[in-house]
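A.B. asks: got a sequence here, can you model it:
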Amino acid sequence: MANHGAPLPTVLITGSSGFLGQAIARGLIDRYRVIGLDVAKPKHPPAGMETIEIDLTSDESVSRAVEAARERGGRIASVIHLAAYYDTTGKDNPKYDAVTVQGTRRLLNALTAIKTEQFVFSSTLLVHAPSPGRGTKINEDSPLDPAWAYPKSKAETEALISRERGEIKTVILRLAGVYDEDCRAAFIAQQIARIFERLPTAYLFAGDITAGQPYLHKDDLVDAVVRTVDRRAELPAETVLLIGEEDTPSYEEMQKRIGRLIHGEDWRTLALPKQLTKLGAWVQTEVLDQDTDIKPWMIENSDDHYEIDISRAKTLLGWAPRHNLLDTLPEMIRRLKQDPTDWYAANKLDPPVVAASDPEIEQAERRLKGPLERSKEDVEAAIKRHRSRTLWAPMTNAALGLWLVTSPMTVGLFDPVAAAIPPALGHAIAEPQLRNAGLGVSEIVSGLLVTVFALMGMSRRWRWVQWITASLGLWVMLAPLLFWTTSAAAYAIDTLVGMLIVAFAVMIPPTPGISRRALAADDDIPLGWTYSPSTFTQRIPIVALAFVGLFVSRYLAAFQMGHADGLWDPFFGPGGAPVRNGSEAVVTSWVSKGFPIADAGLGALAYCLDILAGAIGDRRRWRTMPWMVLLFGLLIIPLGVVSVSFIIIQPPLIGALCTLCILQAAITVVLIPYSVDEVLATIQYLWGATRAGEPFWRTFWMGGPALSENQTPGTDLDRPASELLKEFLTGGVNFPWTLVASTLLGALLMTTPLIFGTQPPLYFSDHVLGCLIIMVAVTAMAEVVRPVRFFNVVLGAWIAVSPFVLAGGGTAAIVADIAIGLALIVLSLPRGTRSDQHYGGWDRAIV
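C.D. replies: Numbers count the residues shown, from 1 in each chain. The predicted structure is shown next:
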């Protein structure tokens, strides 16, 4: 069209930075001067296209942008108007009017003030009523009956264009859904994704499964638009064209074809009644507060069937589609299988959901067969540098060993002693002097061994003996409990020194036993996750809470072993026991005396292990130290269950309650949600690494390489204090009001004797259920185990019926239990708002 150096006609494209805008620009740019209009400039614009920023909701912005385009391009040959508002909620939104309708009005008003030959509006075939029957095609003169907000806004805009076009020729292109080889069509992409992931909804359809809609390949759309611009002088003043493929594959046909291409099977789809499906969708979105790609309005229109007659486009444009959706499906699926995460990203789905899918694992397996990010020599050199900077740690351990050798004399373990029987002792033991002497001998021997092995571990050949040194540290912590020492000083020193020995043996110097393959990359985010669950910002809250638990347990253990004369308890009485309060009654009960050592001291030891296991390793430890992470989880989760169980049995079996024990149980329960995400990441990694060809047991004990492509680790502790505090509180955890309320209901149940006068056995039931409800609700605050909350539905049902089964409740107690039970059921159904974090394939389990 350009000859003898004449300037090229100008074409404006609104929405030029989008997928279709870019494609149309490339189709026009050889013969026209293309100027884009969009809210933001594209990152990678086609060569030769310039972009002017525009806000269609502002009269001033639209006028300024159109004037700028006129100054740069002169005569406007055509304006291709793609920009519009769209969402999948189906609900009306003020943006439909502000952007689509009024934005078009503003644009037309600005264009009528300058010389503009043609205005092309991108509409949708959904402005039409569905085809009246199979085999009956609609054309441009068929009735209009848009069913939901998006096509309604398009139909309203079409009418506005007809009224306000002035002298500008207009073309309304009623387009079918656009796709290409990467899919890009939202509803098809969701349909493919459901089948690829084998979701339950992939097997279900609401309404007539033989209904369908035509589609349009991106290249055919570009061809139609180019022909529309080229023939602008020949087209009528007002033209309406249906643009799409004449074949309309049914939903059933698409399901079977996709199922064969992905899984090699004819996909079976069950057609459900609309009312049942709408009820299910309503429950998902309104009751369970879950996100779903199937909206109620989609179900309502699921029977709509469209077949189109494109003879007018053939006549006026000489256009016919050259592609076919069913013929393109194999290439779509091939690209999905080749790289699922990229395909999901291109289709605005969640890539983490498929990050651990078979194709991605196969990619990881191929990568792991080649050279890793760092060679074995590079890793060894880094370890050597780290070791040379931390040689002070084993030397400090040698000094601590020598301190242990001398400490029995320092604290008088070999001196004569007369002491009362420890309050929590429930079996015969040796005399106090013999017990203390036994601990003294243990400390001397342990100290000598620590010194020897700490010095041996400084040699590269003997690095593995660092674990022996650490084991000796654990023994040093346990020994005072086993010997029931009468020396509070010895118990305190051994606890502190034992923890330091472990830290200096395997935490500060390079941790022995981690494979060089595991250390070859810095990647710290699990495959499909959006954060690392092993950062110190994730672990510091656990360690801090464990320290609080340690202090409480040590205080209780001091009384049990006779190191303290009494315990503090501001709330509970002894319940008939010959002691001063509930705490003393509980920790000296027959339950505590049934343990061979002080059970509070055992709890203190467990908290010490929590602290050490929580602090060891770097932010990659979910894959470099899988065994340690799983041990960490086993320490925290069962400890929480045991602590809650101990609270449960106190009123019915002991007849008293212990304030400090409740505090201790609360701490252990709070630890659970903060630790489960790291355990999940490790389990996922072990599963994925094994599938990628890594030996399971070697990976379990020594760690393994990163499965994801190269990452750049993010910041950890080097951030502003406000960000750190937020991360401390919300790392992998959030606090839906429903779960907070459930926790408060659990606490309320534990106080029914005080508030509602409940008596046993109903009170015992309320107490047990209250403890369980709190544990379930707090655990479910970890997003990865949010479905755990459904256990409270069962517990709530029992609470509601318990007053009719168990005696001990007056009218107020009966009404309270019924109300609390029903409220708990209702509160346990909604999932709560999801965070923006992803957890690989586990996302689908967060219901």
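A.B. asks: would you mind measuring the gap between the ends of stretch 645-663?
C.D. replies: 14 Å (C-alpha to C-alpha, to the nearest Å).
A.B. asks: for it, buried residues please.
C.D. replies: 646-651, 654, 656-662 (16 or more other C-beta atoms under 10 Å). From N, CA and C alone the C-beta is placed, and that goes for glycine too.
A.B. asks: quick one: which of those sit in helices?
C.D. replies: Counting by DSSP state H, the part of the buried residues of stretch 645-663 found in helices is 646, 647, 648, 649, 659, 660, 661, 662.
A.B. asks: adding pLDDT, write these out as CSV.
C.D. replies: Shown next, in CSV, are those (pLDDT from 0 to 100):
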residue, pLDDT
646, 83
647, 86
648, 86
649, 86
659, 88
660, 89
661, 87
662, 88
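A.B. asks: check which helix or strand the residue lying closest to residue 62 once chain neighbours are set aside maps to.
C.D. replies: In space, and not counting its chain neighbours, residue 62 is closest to residue 106: 4.3 Å by C-beta to C-beta, 6 or more residues apart in numbering. Here residue 106, judged by DSSP states H and E, is contained in helix 102-112.
A.B. asks: hey, C-alpha coordinates of that helix in PDB?
C.D. replies: The C-alpha coordinates for helix 102-112 follow below in PDB (Å, rounded to 0.1, in the frame of the first residue of the first chain):
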ATOM      1  CA  GLN A 102     -17.800   4.500  28.600                       C
ATOM      2  CA  GLY A 103     -14.200   4.000  27.600                       C
ATOM      3  CA  THR A 104     -15.400   3.300  24.100                       C
ATOM      4  CA  ARG A 105     -17.600   6.400  24.200                       C
ATOM      5  CA  ARG A 106     -14.600   8.500  25.200                       C
ATOM      6  CA  LEU A 107     -12.500   7.000  22.400                       C
ATOM      7  CA  LEU A 108     -15.200   7.600  19.800                       C
ATOM      8  CA  ASN A 109     -15.700  11.200  20.900                       C
ATOM      9  CA  ALA A 110     -12.000  11.800  20.600                       C
ATOM     10  CA  LEU A 111     -11.700  10.100  17.200                       C
ATOM     11  CA  THR A 112     -14.700  12.100  15.700                       C
END
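A.B. asks: relative to residue 436, how far out is residue 405?
C.D. replies: Between residue 405 and residue 436 the computed distance is 16 Å (C-beta to C-beta, to the nearest Å).
A.B. asks: show me which of the two is the more surrounded one.
C.D. replies: residue 436 (27 against 17; other C-beta atoms under 10 Å).
A.B. asks: identify the residues contacting the more buried one.
C.D. replies: Residues near residue 436 by C-beta atoms under 8 Å, 6 or more residues apart in numbering: 413, 414, 415, 417, 483, 485, 486, 487, 490.
A.B. asks: do the same with residue 572
C.D. replies: So residue 572 contacts 581, 582, 583, 656, 657, 658, 659 (C-beta under 8 Å, 6+ apart).
A.B. asks: switch the cut-off to 7 Å
C.D. replies: Listed by C-beta atoms under 7 Å, 6 or more residues apart in numbering, the contact set of residue 572 reads 581, 582, 656, 657, 658, 659.
A.B. asks: quick one, helices of the stretch 651-800 of the chain?
C.D. replies: 659-691, 696-702, 721-730, 737-749, 752-756, 762-780, 791-805 (DSSP state H, counting those that start in this stretch).
A.B. asks: swap that for the stretch 451-600 of the chain, sorry
C.D. replies: 465-482, 488-502, 536-560, 582-587, 590-593, 599-615.
A.B. asks: now tabulate the ones you listed in JSON lines and tack on mean pLDDT and mean neighbour count.
C.D. replies: Listed next are the helices of the stretch 451-600 of the chain as JSON lines, based on pLDDT from 0 to 100; neighbours: other C-beta atoms under 10 Å:
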{"stretch": "helix 465-482", "mean pLDDT": "95", "mean neighbour count": "22"}
{"stretch": "helix 488-502", "mean pLDDT": "94", "mean neighbour count": "21"}
{"stretch": "helix 536-560", "mean pLDDT": "91", "mean neighbour count": "21"}
{"stretch": "helix 582-587", "mean pLDDT": "88", "mean neighbour count": "27"}
{"stretch": "helix 590-593", "mean pLDDT": "88", "mean neighbour count": "16"}
{"stretch": "helix 599-615", "mean pLDDT": "92", "mean neighbour count": "23"}
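A.B. asks: for the ones you listed, which one sits closest to residue 119?
C.D. replies: Closest approach to residue 119 among the helices of the stretch 451-600 of the chain (C-beta to C-beta): helix 536-560, 54.5 Å.
A.B. asks: which elements pack onto that closest one?
C.D. replies: Judged by 3 or more C-beta pairs under 7 Å, 6 or more residues apart in numbering; DSSP states H and E, the packing partners of helix 536-560 are helix 582-587, helix 599-615, helix 659-691, helix 721-730.
A.B. asks: 10 Å - rerun?
C.D. replies: In terms of contacts (3 or more C-beta pairs under 10 Å, 6 or more residues apart in numbering; DSSP states H and E), helix 536-560 is packed against helix 465-482, helix 488-502, helix 582-587, helix 590-593, helix 599-615, helix 626-649, helix 659-691, helix 721-730.
A.B. asks: that one to helix 599-615, inter-axis angle?
C.D. replies: Interaxial angle of helix 536-560 relative to helix 599-615 (axes from the mean of the first three to the mean of the last three C-alpha atoms, to 10 degrees): 160 degrees.
A.B. asks: distance from helix 536-560 to the middle of the chain?
C.D. replies: On the basis of C-alpha atoms, centre = their mean, to the nearest Å, helix 536-560 sits 28 Å off its chain's mean C-alpha point.
A.B. asks: angle of it against helix 659-691?
C.D. replies: Using the same axes, to 10 degrees: helix 536-560 against helix 659-691 is 140 degrees.
A.B. asks: what are the buried residues along stretch 230-242?
C.D. replies: Neighbour-count burial for stretch 230-242 [16+ other C-beta under 10 Å]: 230, 231, 232, 235, 239, 240, 241, 242.
A.B. asks: between the ones in helices among the buried residues of stretch 645-663, which is nearest residue 537?
C.D. replies: Residue 537 has its nearest neighbour among these in residue 662, at 28.6 Å by C-beta to C-beta.
A.B. asks: hang on, isn't the closest one packed against residue 770?
C.D. replies: No: using C-beta atoms under 10 Å, residue 662 is not in contact with residue 770, being 11.2 Å away.
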